[in-house]
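Participant: what's the 3D shape of this:
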Amino acid sequence: MADATGFLKHGRELPTRRPVPVRIHDWNEVYNDFPESKLRTQASRCMDCGIPFCNNGCPLGNLIPDWNDLTYRGLWQDAIERLHATNNFPEFTGRLCPAPCESACVLGINQDPVTIKQVEVSIIERAYDEGWVKPVLAEVQTGKRVAVVGSGPAGLAAAQQLTRAGHAVTVFERADRIGGLLRYGIPEFKMEKKFLDRRLEQMRAEGTEFVVNANVGVDPEYSVDKLRDGFDAIVLAGGATAWRDLPIPGREFKGVYQAMEYLPWANKAQEGDLGVDEVPIHAGGKRVVIIGGGDTGADCLGTAHRQGAVSVHQFEIMPRPPESRAESTPWPLWPLMFRTSSAHEEGGERVFSVNTECFLGDSETGELRGLRYHEVEMIDGRFQKVEGTDAELECELVFLAMGFVGPQRDGLLSELGVELTERGNVQRGREWDTNVDGVFVAGDMGRGQSLIVWAIAEGRSCAAAVDSYLMGDTLLPAPLVP
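Facilitator: Numbers count the residues shown, from 1 in each chain. Just a heads-up that it's a prediction; the model follows:
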């Protein structure tokens, strides 16, 4: 390392967030710019640790000490080359990944870890500013055709790798725009869609084709038979889109929605499809309850704030995590600990160890008016009601943000006849292959609900397997084995 003692001289520092009263009135990203001098200081904290556990902590195997050192020395072009060597989309992970690499940082054993995620996103933004991100064209064309179904991070990573290997790749997306959850699940204040659009332009210039409004396996125009006849290989990358429901009394009342029935509308408004106050599900002037304490729940929280919700409560059945790393998750594991997102900083009340018993509403109008809940405690591995804690909370909107249970089975998967695991995900072998010849799977559709960094890593690895299937061998990197 250029400054092997940097971690002794400098503490961890991150960009400041824009003031809450300012940012909740727009949909722009929440962070202020981070000066280059401060960034290089942060990069200098990467110590000469001998065994960089951060590399293992990252599913992509990012060469983190390398580009930290290059950033510290101001060698930006070398830094982006090292970063792109393992990660197709550092502008996505640098904004959206929870950074398991930082949890595995050796410095994090007894100090604050290196700001790896901030260095990563700064490298890619500098590269775009300098014009270093250009189309990478295949040297030869193989004549092989590959269909990628799903345009989230796994599908995009697989498509870019296979296009660069010389195959003719077509990405099919059932929504009206490319991007999957990156487009319609992630709010604008977490990642402005201009960063997605500019990467898609690079992919188009490289030769990847995109088809939207294509519900493969359902629409006759995009039947499974047509895909099988028209392509030499198929990559399933449709994600885990079957959401977990809450089938309790009153679920039918108008005002109870899934998070993914709510979030896409706000993103569509930012795309200009309709006015920000014209979305069908709007929290303005309403009392909101979000059931689910994870990232999706926080996305609903930040969206509700910007729409002018009167109040927001976020329910979580698990107990409140500890302030620091729990003993059950020692270094270098991802730590169980209390976290505060930018959305939580903006307001709302977080309520832990509670279970929703039923929704309350007007039987004549069908409108939601509240819910009944109670506290719970864990006994012998099961949640048990704490007697005497029953309470009611008035609300007009409830968003269910309790995660996903696997891929949608009807349509594509049933038509293809792929085998599923006991958990309902697509079964795959060590070569990312399904039981159907020429059909492969990557991302949440095979793994189950997971992180963006895992999706990109799986897309890259699956691409290498497909390339080997088509050509007998491959030079594409494969960071993961299923």
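
Participant: Show me what the longest helix along the chain is packed against.
Facilitator: When the chain is scanned for its longest helix (criterion: DSSP state H), the result is helix 452-471. Packing partners of helix 452-471 (3 or more C-beta pairs under 8 Å, 6 or more residues apart in numbering; DSSP states H and E): helix 90-96, helix 153-164, strand 233-236, strand 439-441, helix 444-447. All C-beta atoms are positioned from the backbone trio N, CA, C, and that covers glycine.

Participant: The ones you listed: which one's closest to residue 307?
Facilitator: Closest approach to residue 307 among the helices and strands packed on helix 452-471 (C-beta to C-beta): helix 90-96, 21.7 Å.

Participant: What lies in contact with the closest one?
Facilitator: 29, 60, 83-84, 87, 117-118, 120-125, 128, 153, 182, 186, 190-191, 195-196, 199, 452-453, 456 (C-beta atoms under 8 Å, 6 or more residues apart in numbering).

Participant: do the same with stretch 400-408
Facilitator: 238-246, 256-259, 290-292, 294, 296-297, 299-300, 413, 420, 423-426, 444-445, 448-449.

Participant: need the contact list for the residue nearest to residue 302 when sequence neighbours are not counted.
Facilitator: Once flanking residues are discounted, residue 302 sits nearest to residue 343: 3.4 Å by C-beta to C-beta, 6 or more residues apart in numbering. Residue 343 sits next to 298, 299, 301, 302, 305 when contact means C-beta under 8 Å, 6+ apart.

Participant: Would you mind measuring from the last one to residue 189?
Facilitator: Per C-beta to C-beta, to the nearest Å, residue 305 is found 9 Å from residue 189.

Participant: Spell out the residue ranges of the strands in the stretch 51-200 of the chain.
Facilitator: Secondary structure of the stretch 51-200 of the chain (DSSP state E, counting those that start in this stretch): strands at 145-149, 168-172.

Participant: Quick one: closest of those to residue 16.
Facilitator: Short answer: strand 168-172, nearest of the strands of the stretch 51-200 of the chain by C-beta to C-beta, at 37.4 Å.

Participant: quick one: strands adjacent to that closest one?
Facilitator: In the sheet, strand 168-172 lines up against strand 145-149 (parallel), strand 209-211 (parallel) (DSSP bridges).

Participant: what's the angle from that strand to helix 452-471?
Facilitator: Here the directions of strand 168-172 and helix 452-471 differ by 140 degrees (axes from the mean of the first three to the mean of the last three C-alpha atoms, to 10 degrees).

Participant: I'd assumed residue 86 was in contact with residue 480.
Facilitator: No: applying C-beta atoms under 8 Å as the test, residue 480 and residue 86 come out as separate, 11.6 Å apart.

Participant: And these two? Which one has more around it.
Facilitator: It is residue 86, of residue 480 and residue 86, that has more neighbours when counted by other C-beta atoms under 10 Å, with 21 against 18.

Participant: quick one: contacts for the more buried one?
Facilitator: Contacts of residue 86 (C-beta under 8 Å, 6+ apart): 60, 61, 62, 63, 477, 479.

Participant: ok, for the third one, nearest residue in space, not its chain neighbours?
Facilitator: Nearest residue to residue 62 in three dimensions, chain neighbours excluded: residue 86, at 5.0 Å (C-beta to C-beta, 6+ apart).

Participant: In the protein, where is pLDDT below threshold?
Facilitator: Residues of the chain meeting the criterion pLDDT under 70: 1-2.

Participant: quick one, domains of it?
Facilitator: Split into domains by automatic domain parsing, the chain comes to 6-130, 145-241+405-471, 245-402.

Participant: how close does residue 377 get to residue 94?
Facilitator: From residue 377 to residue 94 the distance is 39 Å (C-beta to C-beta).

Participant: Out of those two, name the residue with the larger neighbour count.
Facilitator: residue 94 (23 against 12).

Participant: Contacts only, for the closest residue to residue 185 other than its chain neighbours.
Facilitator: Nearest non-adjacent residue to residue 185, counting by C-beta to C-beta, 6+ apart: residue 263, 5.8 Å away. Contacts for residue 263 (C-beta under 8 Å, 6+ apart) come out as 184, 185, 187, 296, 299, 300, 303.

Participant: Kindly tell me how buried residue 23 is, as a neighbour count.
Facilitator: Counted with other C-beta under 10 Å, residue 23 comes out at 21.

Participant: Of residue 305 and residue 189, which one has the most company?
Facilitator: Neighbours were counted for residue 305 and for residue 189 using other C-beta under 10 Å; residue 189 has more, 25 against 21.

Participant: if I look at the closest residue to residue 265 other than its chain neighbours, how far off is residue 174?
Facilitator: Closest residue to residue 265 apart from its sequence neighbours, by C-beta to C-beta, 6+ apart: residue 279 at 3.9 Å. Per C-beta to C-beta, residue 279 is found 20 Å from residue 174.

Participant: If you count surrounding residues, which of those two has more?
Facilitator: Ranked by neighbour count (other C-beta under 10 Å), residue 279 and residue 174 place residue 174 first, with 23 against 20.

Participant: Return the most buried member of the domains of the chain.
Facilitator: domain 145-241+405-471 (a mean of 21; mean count of other C-beta atoms under 10 Å).

Participant: ranges for the strands of the stretch 301-450 of the chain?
Facilitator: 311-316, 349-352, 354-361, 368-379, 382-385, 391-394, 397-400, 404-406, 439-441.

Participant: which one of the ones you listed lies closest to residue 140?
Facilitator: Of the strands of the stretch 301-450 of the chain, nearest to residue 140 by C-beta to C-beta is strand 439-441, at 22.1 Å.

Participant: to the chain's geometric centre, what's the distance from the closest one?
Facilitator: 21 Å (C-alpha atoms, centre = their mean, to the nearest Å).

Participant: who does it touch, helix- and strand-wise?
Facilitator: With 3+ C-beta pairs under 8 Å, 6+ apart as the test, strand 439-441 has strand 233-236, helix 452-471 packed against it.

Participant: looking at these, which is closest to residue 36?
Facilitator: Nearest to residue 36, of the helices and strands packed on strand 439-441 and by C-beta to C-beta, is helix 452-471 at 25.3 Å.

Participant: got the angle between that closest one and helix 153-164?
Facilitator: Using the same axes, to 10 degrees: helix 452-471 against helix 153-164 is 40 degrees.

Participant: how close does the most far-flung residue of the chain relative to its centre get to residue 216?
Facilitator: Going by C-alpha atoms, centre = their mean, the residue of the chain most distant from its centre is residue 364, 40.1 Å out. Separation of residue 364 from residue 216 (C-beta to C-beta) stands at 43 Å.
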